[in-house]
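Student: Sequence and predicted model, in that order:
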Amino acid sequence: MDEAEIAAFVARTIERGELDATTGEGLVQAFEQAWAQMMGGGHALALCNGTAALFTALLAAGAGPGHEVICPPLAPPYALAPILHCGAKPVFADVDPRTLTIDPAAALPLAGPSTRAILAVDLFGHPADIDSLVPAAHALGITVIEDCAQALGATYGGLPAGAKADLAVFSLHATKNLPAGEGGVLWTRDRRLFERALLVGMHPVRLARELSEPALRRYLDTGRGYNFRPHPLGIALALARLKSFPADFERRQKSARYLDEKIRGIPGLKPAFVAPGCTHAYNLHPVFYHGEPRGAGSVDDYVRRLRKAGLDADVLWPLAYDLPLFQEKEFPSPHCPAAEKAENTVFFFGWGGYTGASRDDLDRIVSLLEAAMQC
Ligand SMILES: Cc1ncc(COP(=O)(O)O)c(C=O)c1O
């Protein structure tokens, strides 16, 4: 579907006056069904953004005051803030130094009687090692939530990223792999978790239609009282773009592979590691920087030069436990040497991806990466 067809599709949505998601029917329902189909079954819930989807997932998992949620410190801070919003305490576990996703060997020993959930973040688009998390977490009665906001299109063991988690969360933000401006999706295979998620931010009209559990139907008049409904215009865009997503994603993959091949040839840089059995979604393009021994300065210096030359590169977000928002909550003193090393050696670029990039565009990026190595 090209941009003109999408524009016509959106115009029809306006004409029909389908501009609210109160009932969850029509366009929203069609989108949720298409999403569930893409995930191989289960239930999808469209929401206003990925942050609301994360908050909803945490509440559906039962996280609240007095509970702990194990998470990596290396993530966009807004991906971890919902843990605070639901009243739970984040417990930070180190990341795998190659994939930069939560390390199950670091996370699982942190689980205790108050642990409600593990929140795994598919950073940059590399799926977390979900097979090493889920069975062990389930044995302890812990729910696994996978933040796939950056990982749409990624695969893990031949399945879409998120498909093996209890709850998976996606973002449809303008910079994500399926951009709808703003929007989010929660997905789960578990009908009970889905109904708990519905209760958080959907309108009572929808709740009356879809809630089956008597314990939840007691709250029909109010739900949890939030409004996390998506805007149907965004959903119209997302539904239209879902059709061309496989082809768009393949173009993104081709560009990423080309860039990684070139990055491998630049002394001082190393491309992202992709674990066997995984596809990286490359929502953002991470690069490991080892320039210092060659005198190219710190990763901050290098990224400063890249930005000055016109490449929209960035260093990693500060580790969450170093940020004032997270320091308001007491948490056990974190031991995350791999995340701390990554903070000083990894950068990324590519907000918005390279779906439409020409070979010349990609070569320009490569020459900027090379040139910035010379101080
Ligand atoms: C990893 C991650 N989690 C969560 C979010 C939040 O999504 P949104 O911006 O749609 O609220 C984002 C994106 O911005 C993200 O990159």
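Tutor: Done, it's in. Numbers count the residues shown, from 1 in each chain.
Student: So for the residue nearest the centre of the chain, what's the pLDDT?
Tutor: The residue lying closest to the centre of the chain (CA atoms, centre = their mean) is Ala149, at 2.0 Å. In this model, Ala149 is scored at 98, pLDDT.
Student: So it sits against Val169, correct?
Tutor: Yes: Ala149 is within contact range of Val169, at 6.5 Å (criterion: CB atoms under 8 Å). Every C-beta, even on glycine, is put in place using the N, C-alpha and C of the backbone.
Student: shared neighbours of the two, which are they?
Tutor: Counting by CB atoms under 8 Å, 6 or more residues apart in numbering, the residues touching both Ala149 and Val169 are 50, 184.
Student: biggest strand in this structure by residues?
Tutor: strand 115-121 (DSSP state E).
Student: This protein against the ligand: which residues are in contact?
Tutor: For the chain, the contact set with the ligand under CB under 6 Å from any ligand atom comprises 49-51, 54, 75-76, 78-79, 121, 147, 149-150, 171, 173, 184.
Student: How far away from the center of its chain is the longest strand of the chain?
Tutor: Distance of strand 115-121 from the chain centroid (CA atoms, centre = their mean, to the nearest Å) equals 14 Å.
Student: quick one: strands adjacent to that strand?
Tutor: Using DSSP bridges, strand 115-121 pairs in its sheet with strand 68-71 (parallel), strand 143-147 (parallel).
Student: where along the chain do the strands fall?
Tutor: Under DSSP E, the chain gives strands at 43-47, 68-71, 89-92, 115-121, 143-147, 155-156, 159-160, 167-171, 184-188, 269-271, 278-279, 285-289, 314-315, 346-349.
Student: So for the residue of the chain found nearest the ligand, what pLDDT did the model give?
Tutor: Nearest to the ligand in the chain, going by CB to the nearest ligand atom, is Gly50, at a distance of 2.5 Å. At Gly50, the model reports a pLDDT of 98.
Student: So it versus Cys86, what's the distance?
Tutor: Noted for Gly50: a distance of 15 Å to Cys86, by CB to CB, to the nearest Å.
Student: neighbour count winner among the two?
Tutor: Taking other CB atoms under 10 Å, Gly50 and Cys86 do not tie; Gly50 has more neighbours (27 against 22).
Student: what angle sits between the helix ranked longest in the chain and strand 167-171?
Tutor: If you go by DSSP state H, the chain has its longest helix at helix 232-264. Put simply, helix 232-264 runs at 90 degrees to strand 167-171, going by axes from the mean of the first three to the mean of the last three CA atoms, to 10 degrees.
Student: quick one: the helices in the stretch 51-200 of the chain?
Tutor: 77-85, 104-107, 134-139, 191-201 (DSSP state H, counting those that start in this stretch).
Student: How about residues contacting the third one?
Tutor: Residues external to helix 134-139 that are found in contact with it (CB under 8 Å, 6+ apart): 104, 108, 111, 118, 143-144, 164-166.
Student: Go again with 6 Å.
Tutor: If you take CB atoms under 6 Å, 6 or more residues apart in numbering as the criterion, helix 134-139 is touched by 108, 118, 144, 164.
Student: any idea how this structure splits into domains?
Tutor: According to automatic domain parsing, the chain comprises the domains 3-240, 246-371.
Student: Show the average pLDDT along the shortest one.
Tutor: Mean pLDDT, taken over the full extent of domain 246-371, equals 91.
Student: That domain spans what distance, first to last residue?
Tutor: Start and end residues of domain 246-371 are separated by 34 Å (CA to CA, to the nearest Å).
Student: ok, back up a step: out of the strands paired with strand 115-121, which one sits most buried?
Tutor: Highest mean neighbour count of the strands paired with strand 115-121: strand 143-147, a mean of 29 (counted as mean count of other CB atoms under 10 Å).
Student: Residues contacting that strand, please?
Tutor: Under the contact criterion CB under 6 Å, 6+ apart, strand 143-147 has outside partners 57, 61, 79, 117-121, 133-134, 137, 162, 165-169.
Student: repeat that with 8 Å
Tutor: With contact meaning CB under 8 Å, 6+ apart, strand 143-147 is reached by 50, 54, 57-58, 61-62, 75, 79, 116-122, 127-128, 130, 133-134, 137-138, 161-162, 164-169, 193.
Student: What of stretch 153-165?
Tutor: With CB under 8 Å, 6+ apart as the criterion, stretch 153-165 contacts 38-40, 42, 120, 122, 125-127, 130-131, 134, 144-146, 148, 151-152, 168-170, 177, 187, 189, 245, 249, 252-253, 277-281.
Student: Where do the helices of the stretch 251-375 of the chain begin and end?
Tutor: Counting by DSSP H, counting those that start in this stretch, the helices of the stretch 251-375 of the chain are 299-309, 324-327, 337-345, 359-371.
Student: just checking, what packs against the longest one?
Tutor: Other elements packing on helix 359-371 under the criterion 3 or more CB pairs under 8 Å, 6 or more residues apart in numbering; DSSP states H and E are helix 232-264, helix 299-309.
Student: Let me have those in JSON lines, adding mean neighbour count as columns.
Tutor: Listed next are those as JSON lines, based on neighbours: other CB atoms under 10 Å:
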{"stretch": "helix 232-264", "mean neighbour count": "18"}
{"stretch": "helix 299-309", "mean neighbour count": "17"}
